[in-house]
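Asks: A predicted structure for the sequence below; I have some questions about it.
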Amino acid sequence: MKLTHLILSGVFIITLMTTSHFASSTEIANLNKLPSTVQKLLKNYKIPEQSLSLFIKEIDQRQPLMTLNADIPRNPASTIKIITTFAGLELLGPTYSWQTKFYLDGTLADYTLDGNLVMQGGGDPFLVSEAFWHILFTLQAKGLKHINGDLLIDDGEFEDETGSPADFDNKPYRAYNVFPDAALVNFRVHQFNFVPQKDSLHIYADPPAATMKINNKVKLTKGRCRGKHRHIKHDVVTHGHQTLITFTGDYPRSCGHQNLLRTIMPNDQYVFGVFKSLWENMGGTITGTVGKTRINGEKPFYVATSRPLTEIITYINKYSNNVMARQLLLTIGKEMQESNGKDKGSKTLGRQAIKEWLVSIGIPAPELVLDNGSGLSRKSSVSAATMGALLEHAYHSPYQPEFMASLPMLGIDGTVRKRLNGAVPAGEIRIKTGLLNDVRAMAGYVRSQSDKHYVVVSLQNYPGIQNGVGTQVQDEILKWLYNQ
């Protein structure tokens, strides 16, 4: 096997290390010797080394600096987003963007549409409130103010998800459990704000939605704030195109202004509710409600273009946005549709495209189970060696700057902005982390104090590993590696 295959094909690294005549027995033994601080942690918490997979390699060196169980498939949690996002860069290109199209199903005259407005979602993962407001502003600026009809939504670009958002952890209203949708707006999330006033607690939603009513039964109380809104409960009831959310419980005045993110409405109801509220606030009117349709081959009235993929993957990786990653996987699948005779993006097509791409760059990854592409899954699995090989490939890619810029910088931003408390200079480590019950993972790059560049992957699967000790193990690995 050629040296380049050794570098790129992570699944072969472990086998080659034990048979190569380049590595002495002493070198091989050192490969599997964990830093003493990590050994101590594992011993103190009675965690077996077999539960940890580790792959550390200096860029462009023949042999890894350290490996441990590196070819064992493990659940990677959100670190799997590294595969989804870098595959997106190489398969779609860094300037790829999504389009949301609007059609007039009727006659427009004197700012009035006699008929329906059709919104065709293109899968934009970041169609947030501000962008949606600008779309509506543009529609009105183009001469559409009054709609004597419905808002019809075409979300047929993606295959519908099966199951329920409650399936993962029985928490269907949590923002991280949102299902993807081709016509997704603002991640389908409402931020409920709790504002103490003189004699009562004021609650309002951002963005506002004409299809939602808040029933506030919360009592404003005295005393210490013991955990924001921990004593507030909510109940959700949907009737037709209306949703009633009732808040109950106690709220200490000392908690001040707090907020709560929840997803409580079906997507079509959410889109219409936000549309109607913003549209009428801007001086427009709409007489109808919401429905679904499928439109093909007509000239759109207006086309809104998303931010480019380079910005999208930054939000995905730095803030570990699950639904954005899932939208990206479906988009990759959608772009496969012509060669597969399909007209919808699907997880199956997305996974197939990524598997074929990995083979094409010399990383077969037979153990990889990508599932939904976000890591919010108990089915996902990958080996540390495969992740390490991908990271080294990405380091030499033309898209390396875009990819590395998307990763959280330890001590600076994203999900690791508060890690290590200055033990390592800020910015020297770019690392994507993952956390699920019984899973703690990380994958990324370290520039050591001797100016050496490493890829590092750590995958831990063990009962309770998410409760602090997994993070401690990661921190000790990163500190040790930085000091190399």
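Replies: Sure, I can see it. Residues are numbered from 1 along each chain as shown.
Asks: Tally up the residues packed near G284, please.
Replies: Residues lying near G284 (other Cβ atoms under 10 Å) number 18. Placement of C-beta: from N, CA and C, glycine included.
Asks: One more: D235?
Replies: D235 has 12 nearby residues by other Cβ under 10 Å.
Asks: Same check on the one 3 residues further on?
Replies: By the other Cβ under 10 Å criterion, the neighbourhood of T238 contains 15 residues.
Asks: How much space separates the closest residue to L261 other than its chain neighbours from M66?
Replies: Of all residues not flanking L261 in the chain, A175 sits nearest, at 4.7 Å (Cβ to Cβ, 6 or more residues apart in numbering). Distance, A175 to M66, by Cβ to Cβ, to the nearest Å: 37 Å.
Asks: Could you do L244 as well?
Replies: Distance, L244 to M66, by Cβ to Cβ: 56 Å.
Asks: more neighbours, the two?
Replies: Taking other Cβ under 10 Å, L244 and M66 do not tie; M66 has more neighbours (21 against 14).
Asks: mean confidence score for stretch 171-179?
Replies: Averaging pLDDT along stretch 171-179 yields 95.
Asks: One more: stretch 61-76?
Replies: Mean per-residue pLDDT for stretch 61-76: 96.
Asks: Just give me how far it sits from the chain centre.
Replies: Offset of stretch 61-76 from its chain centre (Cα atoms, centre = their mean, to the nearest Å): 25 Å.
Asks: Which positions within it qualify as buried?
Replies: 63-76 (16 or more other Cβ atoms under 10 Å).
Asks: Alpha carbons only: can I get it in CSV?
Replies: Taking C-alpha atoms only, stretch 61-76 is exported to CSV below (Å, rounded to 0.1, in the frame of the first residue of the first chain):
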residue,chain,number,x,y,z
GLN,A,61,3.4,12.1,9.7
ARG,A,62,3.4,8.4,8.7
GLN,A,63,2.4,7.1,12.1
PRO,A,64,-0.1,8.4,14.7
LEU,A,65,1.2,9.8,17.9
MET,A,66,-1.4,7.8,19.8
THR,A,67,-4.2,5.4,19.1
LEU,A,68,-6.4,3.4,21.4
ASN,A,69,-9.3,1.3,20.2
ALA,A,70,-9.3,3.6,17.2
ASP,A,71,-11.0,1.1,14.8
ILE,A,72,-14.0,0.3,17.1
PRO,A,73,-17.3,1.9,16.0
ARG,A,74,-18.8,4.2,18.6
ASN,A,75,-21.6,6.7,18.9
PRO,A,76,-20.0,10.1,18.1
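Asks: Can we start the residue count at 423 from this point?
Replies: All right, first residue 423 from here; so that's stretch 483-498.
Asks: which outside residues touch the helix or strand hosting E733?
Replies: In the assignment (DSSP states H and E), E733 maps to helix 731-741. If you take Cβ atoms under 8 Å, 6 or more residues apart in numbering as the criterion, helix 731-741 is touched by 503-504, 506-507, 510-511, 514-519, 547-548, 728, 743, 746-747, 750, 824-825, 827-830, 835-837, 854.
Asks: What of stretch 562-573?
Replies: Residues contacting stretch 562-573 (Cβ under 8 Å, 6+ apart): 526-528, 530, 533-539, 541, 693-694, 697-698, 704-713, 723-724.
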